[in-house]
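J.: Sequence isn't available, so here's the structure alone:
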């Protein structure tokens, strides 16, 4: 199935990246997913991370079929 | 013109009093207005007093044309 | 700013919507906070069939206008609306509506709550409940914390 | 309990009224607290012509449902409603609605405010403003105190 990667809002525009899919087993953690999906771009210090739609830290472990998302501070409401 | 006296809610029912009017000059303070208007009934400790529709203490001075009101703790909202 | 004492049933959210439409501040307020108090069908363990709400015509409006002005000044509100029902009220009917409009949310939250606490602690209204057996005046309002 | 993401304009008080009518808790709730956040036509000193609101389909709803359940549990609420607009928004239009129903007013006031703070600090939404010259992403939300 692979690992789905999503970027949102200003972070997506800054990176110039679309959502992508990594091969299963290619990464172990959310931090590694960032490196592979962005060609090792510098991660802004305020970047938020979600794994399967729950907030996580960069060292969260990812598995085949997971969805990983990166986004800037939220500004809803 | 005299001094208008009003009672509200449970206090009015307990006293069995209608609104009344005292003669001008017959009383000097809100406390004296109570005595005259109620035939010296005991005032419940939680009675609230208003003079011309503003909260006052019992020693507030009343004048000809004033309106004095006595009522129990409020229960609106 | 508007204060009104109402003798018949009213639909609180329709009133807020209607009042807001008439405001000149569209685009200026980022926040509206609204509180509606309704009649419950129970109180202190008893079923309440209906209620009678008495007020002090003149003083009640004056007091509500006073606290409205104070809130507008203190929290720099753009507008406020207070409606309060009097007379005979049945369960589930709206009793009180407090609505405030401000640029930012903290002011709206704080002002609406402050207005309700001031209203409940000092505005001249009195409730008499009709129970299955007889009537009783409500003795006192709950404090801020409940 | 209801959470909904809305792509077109909505009339917040009509939504509250409609939702309340459908509730089974009439006569049980003594208090309803409603907060509506609307788009202002200015921000940080600039005139804002319109706004684009992005979200994370799936996670956003999940997060709003999570905080709704938490609020219902913590304050013993009878019900809650959260609506949030996404897509293109113009000044004076409603962006967010939070409504809660409870037996007593303190719970309603506190829960509505807590829900708004949680929503603003953690719900995945992002605003992009269109100014007279170009666009900009809103960098961060205001803290609780403003």
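T.: Cool, the structure landed. Since the structure is predicted, the reported quantities are computational estimates derived from the model, not experimental observations.
J.: worst-scoring helix or strand of chain C, pLDDT-wise?
T.: strand C:42-43 (a mean of 86; mean pLDDT, DSSP states H and E).
J.: Could you list the residues in contact with that one?
T.: The contact list for strand C:42-43 (C-beta atoms under 8 Å, 6 or more residues apart in numbering or on different chains) reads C:48, C:129, C:138. Any C-beta I mention is one placed from the backbone N, CA and C, and that applies to glycine too.
J.: Distance-wise, check the second one relative to chain A.
T.: Going from residue C:129 to chain A by C-beta to the nearest C-beta, to the nearest Å gives 40 Å.
J.: State the helix or strand in which that residue lies.
T.: Secondary structure from DSSP states H and E places residue C:129 in strand C:125-131.
J.: Give the partner strands of that strand in its sheet and their orientations.
T.: strand C:46-55 (antiparallel), strand C:135-137 (antiparallel) (DSSP bridges).
J.: Let me know the average pLDDT across stretch A:60-75.
T.: For stretch A:60-75, the mean pLDDT works out to 97.
J.: Now do the contacts for residue C:61.
T.: C:3, C:5.
J.: count of neighbours near whichever residue of chain C sits closest to chain B?
T.: Residue nearest to chain B within chain C: residue C:125 (2.5 Å; C-beta to the nearest C-beta). Neighbourhood size, residue C:125 [other C-beta atoms under 10 Å in any protein chain shown]: 28.
J.: Ends of stretch C:4-15, what's the gap?
T.: The first and last residues of stretch C:4-15 sit 11 Å apart, counting by C-alpha to C-alpha, to the nearest Å.
J.: For residue A:52, give me its contacts.
T.: By C-beta under 8 Å, 6+ apart, residue A:52 lies in contact with A:66, A:67.
J.: pLDDT weak spots in chain C?
T.: C:143-146 (pLDDT under 70).
J.: Residues of it that sit close to chain B?
T.: Proximity of chain C to chain B, by C-beta under 8 Å from any C-beta of the partner chain, involves residues C:37, C:53-56, C:58-59, C:62-63, C:84, C:95-96, C:116, C:119-128, C:137-141.
J.: Please repeat the previous calculation with a cut-off of 6 Å.
T.: Residues of chain C found near chain B (C-beta under 6 Å from any C-beta of the partner chain) are C:37, C:54, C:56, C:58-59, C:62, C:96, C:119-120, C:123-127, C:137-138, C:140-141.
J.: Make a PyMOL selection of whichever of the residues you listed turn out to be buried.
T.: Applied in PyMOL, the following selects the buried portion of the residues of chain C next to chain B according to 16 or more other C-beta atoms under 10 Å in any protein chain shown:
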select buried, chain C and resi 37+54+56+59+62+96+119+120+123+124+125+126+127+137+138+141
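J.: in the chain, which spans are helices?
T.: Went with chain A since none was named. In chain A, the segments counted as helices under DSSP state H are A:9-15, A:30-38.
J.: hm, I was asking about chain C
T.: Going by DSSP H, chain C shows helices at C:12-22, C:59-75, C:105-122.
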